[in-house]
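K.L.:
everything below, folded, please.
(4 chains)
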Number of protein chains: 2
Amino acid sequence: MDSLDREILAILRRDSRTPYTEIADAVGTSEGTVRNRVDRMLEEGVIERFTVATRTGNVKAMVEIDVAVDVDTTAVSDAMADWSEVDFVWQVSGEEDIVIVADTTDTDALNGLITRARELDEVVSTKTRLILDEKLG
Amino acid sequence: MDSLDREILAILRRDSRTPYTEIADAVGTSEGTVRNRVDRMLEEGVIERFTVATRTGNVKAMVEIDVAVDVDTTAVSDAMADWSEVDFVWQVSGEEDIVIVADTTDTDALNGLITRARELDEVVSTKTRLILDEKLG
DNA sequence: CTTACCGATTACGAAATTCGCAATTCGGCT
DNA sequence: AGCCGAATTGCGAATTTCGTAATCGGTAAG
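P.N.:
Below is the predicted model of the structure:
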């Protein structure tokens, strides 16, 4: 992770389809070096995955979830990560234990998601925040 | 946005470098159709961008930020989106107004970020949650 | 029932990108 | 200076993307 890696990452964050050749020109190196470094960063886990940022519907939200003290939080979040509208599941520090970020087609779908969460025995309470506007860094 | 679009999106979320040819095979159509539909979804904004999910350091966190009632929340979040460690800036409903998701190399860098936020006149208070574990949907 | 039309899909050759690998360069170390 | 390992570079080959024209499927009009 040197400054060249960071330059490459900065470009990929904006557009991960930028060809290696173009990145190489932009950062002043060769196509092969960019490729080697991207491969390495993938192996090291610096790059977790190549993905797409989507807005499939009009409703994005984060749901903060409080689970009972004696449950396996990891198992619960694993299950939630498989729900189709879910972008991220985070285990977090603080008052609540899990935060879900979801992208739903409409408020009904969001409501369905929240209901699904609340129906789990392990879930004590939920708190939902609508994401009114999103900016990518 | 039909079910074919959703199938394509599901694949791209997992790995946005999957070739059109391979996606076409997986969903049972031709390369050109996948290409047309991805192009259309980009234009419509369903796909906001092709990007990479990164974990450059060991510390990810979300910072919930409360801003004063009379300030331009959008301007504040615009400024924050330019901070280098920031992945997302969300304007949200609920108690706080802005949520930042950041990926920092260490706790010092995170602390610097929080300090930078708190130094803004517009910011009334911050509440930080460490992201202990992340799962992608 | 046939025809005309429109958008979506398919087909395919050309251009661009990625890939594999060998040769070279670069730094650190003795 | 000389050596070693890792990183970088330079190609041709394989794969993917791209542009475009032909085809298909559904539908409304004659």
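K.L.:
so what pLDDT did the residue in chain A that DNA strand D sits nearest to get?
P.N.:
When scored by CB to the nearest atom of the strand, chain A has A:Gly32 as its residue closest to DNA strand D, at 2.6 Å. In this view, the C-beta of every residue, glycine as well, is placed from N, C-alpha and C. The model reports A:Gly32 with a pLDDT of 96.
K.L.:
ok, it - how many residues close by?
P.N.:
Counted with other CB atoms under 10 Å in any protein chain shown, the neighbours of A:Gly32 add up to 10.
K.L.:
that one and B:Arg55, how far apart?
P.N.:
25 Å (CB to CB, to the nearest Å).
K.L.:
same check, this time on A:Thr128
P.N.:
Where B:Arg55 is concerned, A:Thr128 sits at a distance of 26 Å (CB to CB).
K.L.:
quick one: which of these two has more around it?
P.N.:
The residue with more neighbours, out of A:Thr128 and B:Arg55, is A:Thr128; 19 against 16, by other CB under 10 Å.
K.L.:
name the nearest residue to A:Ile100, sequence neighbours excluded.
P.N.:
A:Val63 (4.5 Å; CB to CB, 6 or more residues apart in numbering or on different chains).
K.L.:
any idea what the one you found is bridged to?
P.N.:
A:Ile100, A:Thr128 (DSSP bridges).
K.L.:
again with the one 4 residues further on
P.N.:
Applying DSSP bridges to A:Val67 gives these bridge partners: A:Val123.
K.L.:
that one reaches A:Ser125, doesn't it?
P.N.:
No. Here A:Val67 does not reach A:Ser125: they are 9.1 Å apart, not a contact under CB atoms under 8 Å.
K.L.:
so these two - more neighbours on which side?
P.N.:
For A:Val67 versus A:Ser125, neighbours defined as other CB under 10 Å are more numerous around A:Val67 (21 against 11).
K.L.:
name the residues linked to the residue nearest the centre of chain A by a beta bridge.
P.N.:
A centroid search over chain A (CA atoms, centre = their mean) returns A:Phe88, at 4.3 Å, as the residue closest to the centre. Beta-bridge partners recorded for A:Phe88 (DSSP bridges): A:Val101, B:Leu136.
K.L.:
show me the strands in chain A, by range?
P.N.:
A:47-54, A:59-67, A:86-92, A:98-104, A:123-136 (DSSP state E).
K.L.:
hey, what's the angle from the third one to strand B:86-92? Just curious.
P.N.:
Yep, that's strand A:86-92 we're talking about. Note on geometry: by axes from the mean of the first three to the mean of the last three CA atoms, to 10 degrees, strand A:86-92 and strand B:86-92 are set 100 degrees apart in direction.
K.L.:
that'll do, ta.
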